[in-house]
Every structure is written in structure tokens, then in C-alpha cells.
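J.: Sharing a model prediction with you, sequence too.
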Amino acid sequence: MTKHIEIGIKGEDLAAEWLQKKGYKITHRNWRHRHFEIDIIARRGATLHFIEVKTRTSQLYGGPELSVNWKKMLRLKRAAVHYLHVHPGHRWIQFDIVAITLKNKQPPLIELFMDI
């Protein structure tokens, strides 16, 4: 497995654990429909959250959240539309980003950007 794939998997594992500690109930991880994917789908209260996880090992080019461009958001929204079609009945939805920076010998920096 390539290093960037390993970093991404580690980031998603950290994000899921961190979100659960914050009171989110993870309903799906890496949910797919055709070529669309949602990293984490979680509930917190009455809101269903579609969460994109981005992980980097440095902030040399800015925080991980900066890599979520308009194309990625469009794909996330399209995936969410299909998810809601298959799993109807959600009154409130929200799109979030969990940005994780992994640095050697330091605890990970985890940031949540809500309602993007």
C-alpha cells in the first residue's frame, strides 16, 4: 500500500474516533455509490453529517482543509443526494470537513470545519 493511502486511512480512523468522543454516532464509513464516496456519515442530535476527511503530514502548503475544492464539494453533494434518496427521512443535513495534520512525535492536530 502506498504511503499516501496509509496516511489517509490513519486520518479517517483518527477522525472517526475523535468524532465519536465528541458525541457523533458513525453510521457509515467510506460509503460509495458508483464513483462517489463519502468518508464518514454520522449523526449528532437531529442532524445527519456528511464528513470529508483530509490528512496531511505538514502544513507546508496550508492546512488539509484547503484541498477541498469546489469539484470535491460538488462530488460530495452528489453522493449525499443519492444517499438521501436511498436513506430518506433526514430532516437536517450538514457538510463538514475534518482536517488532520500528522507530525512526527507530536499528537495529531485535528480540526472540525462545520457547515461548509
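T.: Received, thanks. Residues are numbered from 1 along each chain as shown.
J.: Excluding chain neighbours, what is closest to the residue nearest in space to the middle of the chain?
T.: The residue lying closest to the centre of the chain (Cα atoms, centre = their mean) is E52, at 2.5 Å. Spatial nearest neighbour of E52, chain neighbours left out: I97 (5.1 Å); criterion: Cβ to Cβ, 6 or more residues apart in numbering. Glycine gets a C-beta too; all of them are placed from N, C-alpha and C.
J.: From V53, how far out is that neighbour?
T.: I97 sits 8 Å away from V53, taking Cβ to Cβ, to the nearest Å as the criterion.
J.: Pull out the buried positions in the top helix by length along the chain.
T.: Longest helix in the chain, counting residues (DSSP state H): helix 3-21. In terms of neighbour count (16 or more other Cβ atoms under 10 Å), helix 3-21 has its buried residues at G8, G11, E12, L14, A15, A16, L19.
J.: helices and strands around it, which ones?
T.: strand 25-33, strand 36-44, strand 47-56, strand 92-101, strand 109-113 (3 or more Cβ pairs under 8 Å, 6 or more residues apart in numbering; DSSP states H and E).
J.: Highest mean neighbour count out of those strands?
T.: Highest mean neighbour count of these: strand 47-56, a mean of 23 (counted as mean count of other Cβ atoms under 10 Å).
J.: Quick one: name whatever helix or strand follows that strand.
T.: As assigned by DSSP states H and E, the chain's next helix or strand after strand 47-56 is helix 70-86.
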